[in-house]
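1. Return a 3D structure for these sequence lines:
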Amino acid sequence: MISRYLQQLTIRYFSKLWAINLLKIPKTVASLLLVFLFLPSGIQSQSANLPLDHWAYTFLERLELKGLYVSEDFDTAPYSRQAIAEMILQITENIKQDSTKISTVERDLLEQLKGEFHENLHKIQPKVERRNKENERHLWSWRNEDFVGHLDLLLGQQVRVESKESVDSGIAKSITSWGFGFRVNFKESMAVFFEGRSFVLSGTDTIENRFFNPSLGLPVSRNALGDVTDNASGYAVFRLPWFDLEIGRDLVEWGPGFRGNLILSRNSNFYDLFKATFRYERLKYEHFHGFLNAERTKYLAGHRIEVRPLDSFRFSINETVVYGGRSVEFLYANPFFPFIIAERHLGNKDNNLVSIDFTWFLRQRQLKFYGEFLFDDFNPRKNLFHDFVNKWGVLLGGYWVDPFGLSNTDFRLEYVRIQPFVYWHSLDEINFYTNYNNFMGHWLGPDSDDFYVELKKRFHKNLRFGLSFERRRRGQNDLSQIERPPDLKFDFLGGVVAKNSFYGATFEWQILRDMFLNATYQFIQTDNLRRVAGQDQNNHRLLVNFSLNY
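-> Prediction:
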């Protein structure tokens, strides 16, 4: 039954994608072309992806910098649960050889991680050394000889209190969320994941759309409780001998940035996609084609090749394209064809972006530097900073583990600069680099820059405290300007510039396993609030967030 269902699902999917009526092909031929091409007898153990907001990502980044494992997934997220299990086994083996590489607090967090990934660990190595036998909790679990499944309850509450008008108009005063998530593994041949939440928002001044219009944002309705919206992801994953295949609704994040990335980030809402990922030794290649949400048909395609020539250095080249108002272009769905050439063959009317990123490790000092360079349009013969044909962005950062010998401490700094009109397109708004009216690249947006630094100390596996400073500037040459400059010239941070300084303190507490309470206080100094000249203020903000995954 499962095999027959997968055949029908695959045929329908590719029939819709390439407008080929595969159902008219004899079933045996269609199965050979589609199902058995992707589902050969040598299928390996596979698993769902780990959501991008999970605490494991930052914890594993820390242990990687301490030299406890070498990642084969590099800076391409999300990671599969099976890939994280392989990282945990590497860490465990390295700790056996040198137990001084990990602190007591880190060891306790590692034990919690082993409990969360115990099923994936067992598939690779039946006996894994564990001090704490507590496993992740689920609302309901079921298993038989054909599949293993888990159902989780998701609850959240966020409250914002401000003494003055908010700098960030998109943050609601209150967000209440609830939902469910489940993941299922079918006989080691397929993994299915779903996570959906409903949100009740109050106290936001940016929601103008009370009906479904994806060009303005997520669908919102109003009732007695407030503004109600929802969001969900769901997909199936197949891990094959040579590559992984994912079909469904998910996110892709590319790059080494901590608070965001320039070409693809988690700032975008979910979109439908098919994605193939290939790994071979020190090389990883990923290609996807996505279906975005807008008033007209809109698509996103991308591919990324990442190489680790040295254990201490890796780099990647990325390419994406946004196009719409027509059917799917096979040239963009082709994983072996450069988009920059494909766009020219298709009339040079789409929005093609290219980026390069790198990460350099100094593991003896437990330090790394990273960067990303984005090119929306680029002409080296024109002025790099003032000419309209040059639209680019840069992200540079550093991460230092246990600076000056301070155990369980993290020090980070990151700078982002995005030139005017990046993510913009002069021919058609359908080609703007947005999904549900959110940037798919960095949340900061064009004509802006941001400097961020933070210091965090973990006192216990359940308790963490941090201090931060941020300096943010935003000009007026952003996506709200839908016409190119008459003389094709512009200035960075043009017009009235909004300037904000954030002085922050954070408190993070894991009350019980997978039950978190986080509080952030910020003192905010603002010049030209929301780019209104002379509107200056000092503001106190308190943001409290509660979340539960059970």
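2. and residue 292, what are its phi and psi?
-> Backbone geometry at residue 292, expressed as degrees, to the nearest 10, gives phi -90, psi 170.
3. cool, and the one 4 residues further on?
-> The phi and psi torsions at residue 296 (degrees, to the nearest 10) take the values phi -120, psi 170.
4. confidence score at it?
-> pLDDT for residue 296: 90.
5. May I have the residues that are in contact with it?
-> 324-325, 430 (Cβ atoms under 8 Å, 6 or more residues apart in numbering). In short, each C-beta sits where N, CA and C put it, glycine included.
6. quick one: it and residue 429, what's the gap?
-> Here the distance between residue 296 and residue 429 works out to 10 Å (Cβ to Cβ, to the nearest Å).
7. ok, now how distant is residue 406 from residue 494?
-> According to Cβ to Cβ, residue 406 stands 42 Å off from residue 494.
8. Assign residue 258 to helix, strand or coil.
-> Under the three-state scheme (DSSP: H, G, I helix; E, B strand; the rest coil), residue 258 adopts coil.
9. Thought residue 395 was touching it, still the case?
-> No. Contact criterion Cβ atoms under 8 Å: residue 258 and residue 395 do not qualify, at 9.5 Å.
10. Of the two, give the one with the bigger neighbour count.
-> Using other Cβ atoms under 10 Å as the criterion, residue 258 and residue 395 rank with residue 395 on top: 28 against 18.
11. Show me where the stretch 451-550 of the chain has its strands.
-> Assigned by DSSP state E, counting those that start in this stretch, the strands in the stretch 451-550 of the chain fall at 463-474, 498-512, 515-527, 537-549.
12. Show me what the shortest one packs onto, helices and strands only.
-> Which is strand 463-474. Strand 463-474 sits against strand 448-460, strand 498-512, with contacts defined as 3 or more Cβ pairs under 8 Å, 6 or more residues apart in numbering; DSSP states H and E.
13. Looking at those strands, which is nearest to residue 71?
-> Among the helices and strands packed on strand 463-474, the nearest to residue 71 by Cβ to Cβ is strand 448-460 (21.4 Å).
14. helices or strands next to the closest one in the packing?
-> Checked by 3+ Cβ pairs under 8 Å, 6+ apart, strand 448-460 has helix 104-116, strand 409-418, strand 463-474 packed alongside it.
15. if we can go back for a sec, so can I have a markdown table of the helices and strands packed on strand 463-474 showing distance to residue 80 and mean neighbour count?
-> Putting the helices and strands packed on strand 463-474 into a markdown table (distance: least, Cβ to Cβ, whole Å; neighbours: other Cβ atoms under 10 Å) gives the following:
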| stretch | distance to residue 80 | mean neighbour count |
| --- | --- | --- |
| strand 448-460 | 26 | 17 |
| strand 498-512 | 24 | 16 |
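16. Now the ones you listed in JSON lines, please, with extra columns for distance to residue 549.
-> Formatted as JSON lines, the helices and strands packed on strand 463-474 follow (distance: least, Cβ to Cβ, whole Å):
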{"stretch": "strand 448-460", "distance to residue 549": "20"}
{"stretch": "strand 498-512", "distance to residue 549": "11"}
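17. Save those as TSV, and put in mean pLDDT and distance to residue 346 too.
-> Formatted as TSV, the helices and strands packed on strand 463-474 follow (pLDDT from 0 to 100; distance: least, Cβ to Cβ, whole Å):
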stretch	mean pLDDT	distance to residue 346
strand 448-460	97	31
strand 498-512	97	38
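18. Please pull out the lowest mean pLDDT helix or strand from the protein.
-> helix 27-30 (a mean of 36; mean pLDDT, DSSP states H and E).
19. distance of residue 330 from residue 305?
-> Residue 330 is 21 Å from residue 305, by Cβ to Cβ.
20. same deal with residue 93?
-> 29 Å.
21. who's more crowded, these two?
-> residue 305 (15 against 12).
22. Next up, the contacts around the residue nearest to the more buried one when sequence neighbours are not counted.
-> Spatially, and ignoring its direct neighbours in sequence, residue 305 is nearest to residue 285 (5.0 Å; Cβ to Cβ, 6 or more residues apart in numbering). Neighbour list for residue 285: 277-279, 303-306, 335 [criterion: Cβ under 8 Å, 6+ apart].
23. Which member of those residues is positioned nearest residue 363?
-> Using Cβ to Cβ, residue 306 comes nearest to residue 363 of these, at 18.9 Å.
24. quick check, distance from the strand or helix carrying that closest one to the centre of its chain.
-> Taking DSSP states H and E as the definition, residue 306 sits inside strand 298-310. Distance of strand 298-310 from its chain centroid, counting by Cα atoms, centre = their mean, to the nearest Å, is 14 Å.
25. ditto for stretch 323-336
-> Relative to its chain's centre, stretch 323-336 lies at 23 Å (Cα atoms, centre = their mean).
26. one step back: now the helices and strands packed on strand 448-460 in CSV, with mean neighbour count, mean pLDDT and distance to residue 82?
-> Below are those laid out as CSV (neighbours: other Cβ atoms under 10 Å; pLDDT from 0 to 100; distance: least, Cβ to Cβ, whole Å):
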stretch, mean neighbour count, mean pLDDT, distance to residue 82
helix 104-116, 19, 94, 13
strand 409-418, 20, 98, 27
strand 463-474, 17, 98, 28
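27. I'd like the ones you listed written out as a markdown table, with distance to residue 137 added.
-> Shown next, in a markdown table, are these (distance: least, Cβ to Cβ, whole Å):
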| stretch | distance to residue 137 |
| --- | --- |
| helix 104-116 | 9 |
| strand 409-418 | 27 |
| strand 463-474 | 20 |
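28. which of the contacts of residue 285 has the weakest pLDDT?
-> Across those, the bottom pLDDT score, 88, is held by residue 279.
29. just to revisit the earlier point, ok, and for the strand holding residue 306, which residues are buried?
-> Along strand 298-310, these residues count as buried under the neighbour rule (16 or more other Cβ atoms under 10 Å): 298-304, 306-308.
30. between the residues you listed, which is closest to residue 524?
-> residue 300 (33.9 Å).
31. Give me the most central residue, this structure.
-> Relative to the mean C-alpha position of the chain, the nearest C-alpha, by Cα atoms, centre = their mean, is the one of residue 266, at 3.2 Å.
32. just checking, it touches residue 255?
-> No. In this structure residue 266 lies outside contact range of residue 255 using Cβ under 8 Å: 10.8 Å.
33. Give me the sheet partners of the strand holding residue 306 and which way each runs.
-> Counting by DSSP bridges, the strands paired with strand 298-310 are strand 283-291 (antiparallel), strand 313-324 (antiparallel).
34. for the stretch 351-500 of the chain, which spans come out with low pLDDT?
-> Where the stretch 351-500 of the chain drops to pLDDT under 70, the residues are 479-483.
35. Also the stretch 201-350 of the chain?
-> Per-residue confidence of the stretch 201-350 of the chain (counting by pLDDT under 70) places the weak regions at 204-217, 223-225.
36. so where do the helices sit in it?
-> Taking DSSP state H, counting those that start in this stretch to define them, one finds helices in the stretch 201-350 of the chain at 330-333, 339-345.
37. now the ones you listed in CSV, with distance to residue 458 and mean neighbour count?
-> Output for the helices of the stretch 201-350 of the chain, formatted as CSV (distance: least, Cβ to Cβ, whole Å; neighbours: other Cβ under 10 Å):
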stretch, distance to residue 458, mean neighbour count
helix 330-333, 44, 18
helix 339-345, 42, 15
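38. Residue 186: which of those is closest?
-> Proximity to residue 186, assessed across the helices of the stretch 201-350 of the chain by Cβ to Cβ, is greatest for helix 330-333 (26.7 Å).
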